[in-house]
Every structure is written in C-alpha cells, then in structure tokens.
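Engineer: What shape does this take:
(one chain, ligands or ions: 2)
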Amino acid sequence: MDKRPLVMSCGDPSGIGPEIAAKAWDVVGRDCPFVWLGDPRHLPGGVAYRVVQDLADCGGGAMPVLPVAFAAPARAGQPDPANAAGVIEAVRRGVELVQSGAARGLVTCPIHKAALKAGAGFGFPGHTEYLAHLAGVDRVVMMLASGALRVVPVTIHIPVSEVPGALTPTLLEDTIRITHAALIRDFGIAAPRLAVAGLNPHAGEDGTMGHEDRDVIAPVIARLRADGLDLRGPLPADTMFHAPARARYDAAICMYHDQALIPIKTLAFDEGVNVTLGLPFVRSSPDHGTAYDIAGQGVAKPDSLIAAIRMAWNMGA
Ligand SMILES: NC(=O)c1ccc[n+]([C@@H]2O[C@H](COP(=O)([O-])OP(=O)(O)OC[C@H]3O[C@@H](n4cnc5c(N)ncnc54)[C@H](O)[C@@H]3O)[C@@H](O)[C@H]2O)c1
Ligand SMILES: N[C@H](C(=O)O)[C@H](O)COP(=O)(O)O
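Structural biologist: Ligands and ions are numbered 1, 2, ... in the order given. Got it, this is the predicted structure:
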C-alpha cells in the first residue's frame, strides 16, 4: 500500500491558508497525511505541529511541517511583499518532492497573484501556469470539480477582451482531449460525456450574435465527435447548469474563467476542488483564494481544502 504522504504548500501566510491547513489536519491528517511546507511561525497560535526533516515520518500525531524560509512574520489580511519569495519557494519545493517520488501529490493553499507579482516579480498568472512551467509541459487544464458539477475553462487568467482571440481550434481541441482522458483515468468514467458551451449569448444564435460558436467551436466539436468523443455543443451557456441539464454530462467545457467558475462556486463553494489536468503529477487546490477579509479570525471553513486533500490522495493512489 502506498503510504507516501501528500505535500501541501502553505500559500500566502497572510491569508487563510495556515489556519485551514491546521483545521484540515485535524479532520483528515490520519487518513490522508500531508506535510505542510511553510514557516511554523505563520501557523495560528496553539496549533500542534512537529518539524520534520523529510517525509518519512508523517503519519498521525501533530501536523508535520517541513520548514520553508520566509523573510517576515505574517500579519493576517495584510500580504507582505517580503514573503512572496517564500510563497513561491513552498510551491517549487512541493513540486520537487512530488517529482522525486517522495510525495504522493501536491495540494496548494491559496496564493495572492498580485502580491506575488509585486513582491517577487512572479511571472505567472497563478499556480496553474507556474506548475506547467516547473513540470515542463506545454498544455495543462484547470478543472473545478464537485459532486454537483465539473467545469473546465478553456481560457483562464486573461482579460475577457482577449478571450475571442485566444480561443483557437488547437487550444479547444487540446483542452477537450486532456479533459476527456482525465475523466477516464482519474475519475473512472468509462465513456465521458462533455457539454461544450458557446462563447456568445445563445451560442451565437446562428451567427447573428457573434461568429466564434459557428466558425471556431462547432468545427472542433464535429471533428472530435467523428473521432468518437461524446460531445454536445456549442450550447447556450445560460441553460447548461440547472439540474436536468447537468445530468446530461460529466464535465462542462467553458470558454472563459467566469463562465465556468460562477456556476460551480455558486453550486458547491464549500466542496469544489481545483485540480490541474495534464501535469505529470497530482495537484489539487481549494476552489477559493486567500480570503484576506476573514484571515486570522478563525472563521474560515476548511471544507474545500479537505475535499482537495481527499481528491489528491485518491488520485495519487
Ligand atoms: N487556488 C488559489 O490559489 C486561488 C483561488 C482563488 C483565488 N485566488 C486568489 O485569492 C485572492 C483573493 O481572491 P478573491 O477575494 O476573489 O476570492 P476569495 O476566495 O479569496 O474570497 C471570496 C469570498 O469568499 C470568502 N471565502 C473564501 N474562502 C473561504 C473559506 N474557506 N471559508 C469561508 N469564507 C471563504 C472570503 O471571505 C470572501 O468574502 C486573489 O489574488 C485571487 O487570485 C487564489
Ligand atoms: N481561477 C481559480 C479560482 O478562481 O479558483 C484560481 O485562481 C486558480 O488559480 P491557480 O492557477 O493559482 O490554481
């Protein structure tokens, strides 16, 4: 039996990451052990932890911590640019441990993208793009998954004004194929059914409200259907997410970030998991961010992080 632990990058220590990690350990630390990569100083007072030097000894007891150097203490809700380098190092170290085979998978606690850019010139829009860079892969896919819905945004962290130009047939086909393969391999769905959203209102209304649906999306769907994939679309996005519609597919392929993330965060904010498909290792994350507005108050819910831990544990088996 694979007893290797997960590793968890601490995320922005001024956010809710440290507190939800400690809460998550209390719930799933025994069944899905993880080693927290961060600065013990950033953990909330009273949290039981033990510093470890490697991943060998991490089952049960207090939360194991593999220290990562940070320049400054953390002030709840107030990101410190001086800590940006440590946030990035925790992610890099986590990838190193997974790629070495020491860890079963990586769970990342939330980062604040703008804070990393300001503090360390972080050149990536978020974890997803950074992890692809570290892994040396050209294409990865962001999936947000829950019991009620799985969604994939084809374009991610780009301005809405740039979405039409970014929606190339190649990007759409790659995204669909990576998603389809992951649903089979990682989610145990033998014959995945995919619903593909249109870009424009009413999926372009036969070209009267935009042409991308007819000229870009529909030909890719036709080609992949001819290749045997079970796809429907381009569908009007506004009628894809009510319960009867969701019952007809296993994942929704959406054209841009909020077209995908609004429905899943509306339906399943506390259980949604962000999982990166196409990496040579397992990576998951909660579906929320640093939540500076509640950081340090003890009210942050660990539920999404717990779901992310469980998903990574099961996918890493
Ligand atoms: N995986 C990630 O690293 C990740 C994911 C999403 C957003 N972010 C980043 O986080 C930063 C803040 O983003 P945002 O404000 O749009 O979204 P957010 O998810 O941080 O917060 C949105 C709202 O949800 C609440 N909330 C979030 N998580 C919660 C929890 N566990 N329990 C209770 N309430 C919770 C917050 O208090 C806030 O009111 C941004 O820089 C964003 O890019 C990172
Ligand atoms: N777009 C995701 C969300 O809103 O939940 C989140 O920002 C993911 O970012 P990463 O690439 O850092 O996982």
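Engineer: check contacts around P164.
Structural biologist: L199, E212 (CB atoms under 8 Å, 6 or more residues apart in numbering). To be clear about C-beta, it is placed using only N, CA and C from the backbone, and glycine gets the same treatment.
Engineer: could you point out which element follows the host helix or strand of it?
Structural biologist: Using DSSP states H and E, the element containing P164 is helix 163-166. Note on helix 163-166: by DSSP H and E, the next helix or strand toward the C-terminus is helix 169-185.
Engineer: Check the offset of that next one from the chain's centre.
Structural biologist: Once both centres are worked out by CA atoms, centre = their mean, to the nearest Å, helix 169-185 turns out to sit 16 Å from its chain's centre.
Engineer: got a list of what the closest residue to G38 other than its chain neighbours touches?
Structural biologist: Sequence neighbours aside, C10 is the residue nearest to G38 in space, at 2.9 Å (criterion: CB to CB, 6 or more residues apart in numbering). C10 is in contact with G17, P18, A21, W36, L37, G38, D39, H42, V68, V87, A90, C109, counting by CB under 8 Å, 6+ apart.
Engineer: which residue packs closest to the residue in the stretch 201-317 of the chain positioned nearest to ligand 1, ignoring adjacent ones?
Structural biologist: Proximity of the stretch 201-317 of the chain to ligand 1 (CB to the nearest ligand atom) peaks at G289, 2.1 Å away. Spatial nearest neighbour of G289, excluding adjacent residues (CB to CB, 6+ apart): P110 at 4.6 Å.
Engineer: And for this structure, the residue most distant from the center?
Structural biologist: Outermost residue of the chain with respect to the C-alpha centroid, by CA atoms, centre = their mean, is T208; its distance is 35.3 Å.
Engineer: is it in a bridge, and if so with what?
Structural biologist: For T208, the beta-bridge partners are G210 (DSSP bridges).
Engineer: ok so, going back, rounded mean pLDDT for the helix holding P164, please.
Structural biologist: Averaging pLDDT along helix 163-166 yields 98.
Engineer: what's the answer for stretch 7-20, then?
Structural biologist: Mean predicted confidence for stretch 7-20 is 98.
Engineer: Please state the offset of that stretch from the chain centre?
Structural biologist: Remark: stretch 7-20 is offset 15 Å from the chain centroid, using CA atoms, centre = their mean.
Engineer: Show the end-to-end separation of it, please.
Structural biologist: 15 Å (CA to CA, to the nearest Å).
Engineer: One more: stretch 207-221?
Structural biologist: One end of stretch 207-221 sits 16 Å from the other (CA to CA).
Engineer: And it, how far out from the chain middle?
Structural biologist: So, by CA atoms, centre = their mean, the centroid of stretch 207-221 is 28 Å from its chain's centroid.
Engineer: and that stretch, which residues are buried?
Structural biologist: Judged by neighbour count (16 or more other CB atoms under 10 Å), stretch 207-221 contains these buried residues: G210, E212, D213, R214, V216, I217, A218, V220, I221.
Engineer: before we move on, back to that, for ligand 2, see how far away the residue of the stretch 201-317 of the chain closest to ligand 1 is.
Structural biologist: According to CB to the nearest ligand atom, to the nearest Å, G289 and ligand 2 sit 6 Å apart.
Engineer: That residue reaches G15, doesn't it?
Structural biologist: Yes. At 7.2 Å, G289 counts as touching G15 under the criterion of CB atoms under 8 Å.
Engineer: who's more crowded, those two?
Structural biologist: Legend: neighbour count by other CB atoms under 10 Å for G289 and G15, higher for G15 (29 against 18).
Engineer: List the contacts of the more buried one.
Structural biologist: By CB under 8 Å, 6+ apart, the contact list for G15 reads G77, P79, C109, P110, H112, G289, T290, A291, Y292, A295.
Engineer: and with 6 Å instead?
Structural biologist: Residues near G15 by CB atoms under 6 Å, 6 or more residues apart in numbering: P110, T290, Y292, A295.
Engineer: What pLDDT does the model give the first one?
Structural biologist: It refers to P110. Reported pLDDT at P110 in the predicted model: 98.
Engineer: quick check, it in a strand?
Structural biologist: No. Per DSSP: H, G, I helix; E, B strand; the rest coil, P110 lies outside any strand segment and is coil.
Engineer: Does it touch A291 like I think?
Structural biologist: No. P110 lies out of contact with A291 (CB atoms under 6 Å); the separation is 7.5 Å.
Engineer: before we move on, the earlier item: make TSV out of the buried residues of stretch 207-221 and add pLDDT and secondary structure.
Structural biologist: What follows is these, written out as TSV (pLDDT from 0 to 100; DSSP: H, G, I helix; E, B strand; the rest coil):
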residue	pLDDT	secondary structure
G210	98	strand
E212	98	helix
D213	98	helix
R214	98	helix
V216	98	helix
I217	98	helix
A218	98	helix
V220	98	helix
I221	98	helix
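Engineer: Need those in CSV (columns: distance to G316).
Structural biologist: Shown next, in CSV, are these (distance: CB to CB, whole Å):
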residue, distance to G316
G210, 41
E212, 37
D213, 38
R214, 42
V216, 36
I217, 34
A218, 37
V220, 32
I221, 32
